[in-house]
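Any chance you could fold what I've pasted below:
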Amino acid sequence: MSYVITTATKRIAKLQKRIRAVQGGTSAGKTVGILEVLIDMAQLDEVSTITSVVSESFPHLKRGAILDFISIMSQQNYFQDKRWNKTDYTYTFETGSKLEFFSVDQPGKVRGPRRDRLFINEANNISYETFDQLEVRTKEFIILDWNPVSEFWYYDKVANRSDVEHLILTYKDNEALDQRIIDAI
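Down below sits the predicted model:
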């Protein structure tokens, strides 16, 4: 299969505000698109950065964002084993920038470390208090993604802020989808 830069990825790349909210249903290409944008940024950094990719639990990260990250990097022939720390789940790019993956299921994980960029995968599965702790420790921007199953803290505590952009994606924004998946949707 050839690599496709989707409409979802292009729309995500255009977001500029501090809080970049990406809502979308199944197979909309949210997570992959966000990771593609973060990988691109890390590869172009002139000053090294730290980007944290977080989720509710480590098994969720391993089955989702980490798998997607390795797949994207491998498809593009970017992945180098020596740059992947399998113990800490960090990837160090040639620029010195790092992408780190960790779960936010323990309060100590969100209270200490600082970062330049943050991606909260399936933000609806974490608490507002966790978001708040991560936000105050993030320098540049935060990307949130979620499936629109029900309203959560984003809608009443974050959405109306002036530093928020909200993007809604559907499977139609993901040209990389197999026709059988489209038919099933």
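
which stretches of this protein form strands?
Residue ranges of the strands in the chain, as given by DSSP state E, are 19-24, 50-55, 84-85, 90-92, 98-103, 115-120, 138-146, 164-169.

From residue 172, how far off is the residue nearest to the spatial centre of the chain?
The chain has residue 119 as the residue nearest its centroid, 4.0 Å off, counting by Cα atoms, centre = their mean. Computed with Cβ to Cβ, to the nearest Å, the distance linking residue 119 and residue 172 is 23 Å. In this view, the C-beta of every residue, glycine as well, is placed from N, C-alpha and C.

With residue 63 instead?
Using Cβ to Cβ, we find residue 63 at a distance of 25 Å from residue 172.

same thing with residue 113?
37 Å.

cool, and residue 55?
Applying Cβ to Cβ to residue 55 and residue 172 gives a distance of 25 Å.

If you count surrounding residues, which of these two has more?
Neighbours per residue (other Cβ atoms under 10 Å) separate residue 55 from residue 172, with residue 55 holding more: 27 against 14.

Mind pulling up the pLDDT for the more buried one?
Note on residue 55: pLDDT of 96.

Name the residues linked to it by a beta bridge.
With DSSP bridges applied, residue 55 shows beta-bridge pairing to residue 103.

show me what contacts residue 64?
Neighbouring residues of residue 64 by Cβ atoms under 8 Å, 6 or more residues apart in numbering: 31, 55, 121, 122.
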